[in-house]
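Asker: Need a 3D model of the sequence below.
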Amino acid sequence: MTDLVRVRKFAAHVEEILHDGGPPPPQPLIRGGIAVVLANPYAGRYEAEITPLMEALKPLGIEMAKRLILSMGAEPADIEAYGKGAVVGTAGELEHGALWHVPGGYGMREVLGGAKAIVPSTKKVGAMGCRIDIPMHHVDAAYVRSHFNTIELGVPDAPKPDEIVFFLAMATGARIHARVGGLAASEITGTDGLR
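Answerer: Here you go, the predicted structure:
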């Protein structure tokens, strides 16, 4: 890590969903999230130029994507949905969470072999133990409704006021029992990340 990127801990969360009240699918849905807790080098003051941290976080985005896939017991080819997020400690500002857009998104896309869809995201300022809902959608086409999903993540002892928690989330498939129509994953034809 660098002087700007000082990691305190990683935390992973994995779910294996066997059914959602209906018939079991052919294979369970695996959803997972990973968090990294790190010092916020800009906490406690307004800093006009914060993009050096965004650049410094790029290797961490790749590392976290690899760690998440491993914790899910999956391979990159198994991942069909993704998302990202951030919780900034109370001595920071929302814009510090936005620094994760490039490292988190492009890190996952690189590890997954060039996924085409933009990575959905959310961020907020919060106190220690704050939970956040991370949105997910299909890795290659944002309009595939079956893969619209959310996973709730958090770290009990983070963020401290001068920390940030960055999150990545992935899933191996659609929602269990998805049946609301729209573009199916099997019908993706474009290369623009939309359809």
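Asker: Only C-alpha atoms from now on, for both contacts and neighbour counts.
Answerer: Noted.
Asker: so residue 105 makes contact with residue 116?
Answerer: No: assessed by C-alpha atoms under 8 Å, residue 105 is found out of contact with residue 116, at 10.8 Å.
Asker: Which one of the two is surrounded by more residues?
Answerer: Using other C-alpha atoms under 10 Å, the more surrounded residue of residue 105 and residue 116 is residue 105, with 25 against 18.
Asker: could you pull out the helices for the chain?
Answerer: 51-56, 58-71, 94-98, 101-111 (DSSP state H).
Asker: Please report how far the residue of the chain lying at maximal distance from its centre lies from residue 150.
Answerer: Within the chain, the residue lying farthest from the chain centre (C-alpha atoms, centre = their mean) is residue 23, at 28.6 Å. Applying C-alpha to C-alpha, to the nearest Å, the value for residue 23 to residue 150 is 21 Å.
Asker: same deal with residue 184?
Answerer: Look at residue 184 and residue 150: by C-alpha to C-alpha, they are 19 Å apart.
Asker: Could you do residue 64 as well?
Answerer: Relative to residue 150, and taking C-alpha to C-alpha, residue 64 is found at 19 Å.
Asker: more neighbours, those two?
Answerer: Set side by side, residue 64 and residue 150 show more neighbours around residue 64, with 25 against 19, by other C-alpha under 10 Å.
Asker: Can you verify my assumption that the more buried one contacts residue 34?
Answerer: Yes: Residue 64 lies in contact with residue 34 (C-alpha under 8 Å); the separation is 7.0 Å.
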